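Peer 1: A predicted structure for the sequence below; I have some questions about it.
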Amino acid sequence: DAGITQSPRHKVTETGTPVTLRCHQTENHRYMYWYRQDPGHGLRLIHYSYGVKDTDKGEVSDGYSVSRSKTEDFLLTLESATSSQTSVYFCAISGQTSNYEQYFGPGTRLTVT
Amino acid sequence: AQSVAQPEDQVNVAEGNPLTVKCTYSVSGNPYLFWYVQYPNRGLQFLLKYITGDNLVKGSYGFEAEFNKSQTSFHLKKPSALVSDSALYFCAVSARMDSSYKLIFGSGTRLLVRP
């Protein structure tokens, strides 16, 4: 999985609690992304980063925030988890955007009860 | 609207037979197209991409894809399927949104290769 780790790999949490997922890369790539994967929807972009402290919203950003204080780390925070945020979350990295492939981490399975 | 469609939720094929997984796209400008594969409990793995040039693109594990501009399609193919090819396949297009490019994914097609 191309020098990308995600932690935790599995998490169960209760509705209303904050949750932070971590993505760590050793490739020194500029761009980092957070996606969620749900049956029938493929992958949908939550937030992305194009450099340290430079982030922007994706397609399904409501209820999520991100931070990137170092090139290698990209954090995704669910401010107050809801059952609709039960999903599998993937981090991805790329050296460029337009025509460069993204490389994906192993995923975090999050269950909100 | 920019989008990717994978019209088949599942494709079934016998081992040794050719396989095709279909993908059509809608994007403004020149398309950058990708195929990814996902094995159970794993992240997505890059298979191949089309940027420009030859319409037939070769990728990993014997897969290839044919770009057809007039039909706005990018179908994934393999001449002889293996049981180990059974997995979830995603087509994606890189689309310019705001000030950068983002990947738009299809909903995925599950490939089942029977022995």
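Peer 2: Looks like it came in fine.
Peer 1: and the lowest-mean-pLDDT helix or strand in chain B, which strands flank it?
Peer 2: Least confident element among the helices and strands of chain B, by mean pLDDT, DSSP states H and E: strand B:100-105 (a mean of 84). Here strand B:100-105 is paired, per DSSP bridges, with strand B:87-97 (antiparallel).
Peer 1: if you count neighbours, what's buried in the partner strand?
Peer 2: B:Ala87, B:Leu88, B:Tyr89, B:Phe90, B:Cys91, B:Ala92, B:Val93, B:Ser94, B:Ala95 (16 or more other Cβ atoms under 10 Å in any protein chain shown). In short, each C-beta sits where N, CA and C put it, glycine included.
Peer 1: host element of the residue nearest the centre of chain A?
Peer 2: The residue lying closest to the centre of chain A (Cα atoms, centre = their mean) is A:Trp34, at 2.7 Å. Using DSSP states H and E, A:Trp34 sits within strand A:31-38.
Peer 1: ok so, going back, could you give the bridge partners of the residue nearest to the centre of chain A?
Peer 2: Going by DSSP bridges, A:Trp34 forms beta bridges with A:His47, A:Cys91.
Peer 1: how far away is it from A:Phe74?
Peer 2: To A:Phe74, A:Trp34 is 7 Å away according to Cβ to Cβ, to the nearest Å.
Peer 1: how far away from the center of its chain is stretch B:13-30?
Peer 2: Going by Cα atoms, centre = their mean, to the nearest Å, the spacing between the C-alpha centre of stretch B:13-30 and its chain's C-alpha centre is 5 Å.
Peer 1: again, but for stretch B:63-80
Peer 2: Distance of stretch B:63-80 from its chain centroid, counting by Cα atoms, centre = their mean, is 8 Å.
Peer 1: now stretch A:12-27
Peer 2: That offset, for stretch A:12-27, works out to 8 Å (Cα atoms, centre = their mean).
Peer 1: tell me which residues touch residue 50, please.
Peer 2: Assuming you mean chain A. Residues counted as contacts of A:Tyr50 (Cβ atoms under 8 Å, 6 or more residues apart in numbering or on different chains) are A:Arg30, A:Tyr31, A:Asp56, A:Thr97, B:Ser100.
Peer 1: oops, wrong one, chain B.
Peer 2: Contact analysis of B:Tyr50 by Cβ under 8 Å, 6+ apart lists B:Pro31, B:Tyr32, B:Leu33, B:Phe34, B:Val57, B:Ala65, B:Phe67, B:Phe74.
Peer 1: from these, which is closest to chain A?
Peer 2: For the contacts of B:Tyr50, the residue nearest chain A by Cβ to the nearest Cβ is B:Tyr32; the value is 4.4 Å.
Peer 1: beta partners of that closest one?
Peer 2: With DSSP bridges as the rule, B:Tyr32 is bridged to B:Ser94.
Peer 1: ok, it - how many residues close by?
Peer 2: Using other Cβ atoms under 10 Å in any protein chain shown, B:Tyr32 has 22 other residues around it.
Peer 1: thought it was touching B:Val93?
Peer 2: Yes: counting by Cβ atoms under 8 Å, B:Tyr32 touches B:Val93, with 6.8 Å between them.
Peer 1: before we move on, back to that, show me what secondary structure element comes after the least confident helix or strand of chain B.
Peer 2: By DSSP H and E, the next helix or strand past strand B:100-105 is strand B:109-114.
Peer 1: partner residues bridging A:Val12?
Peer 2: A:Thr111.
Peer 1: how close does it sit to A:Ala81?
Peer 2: Relative to A:Ala81, and taking Cβ to Cβ, A:Val12 is found at 10 Å.
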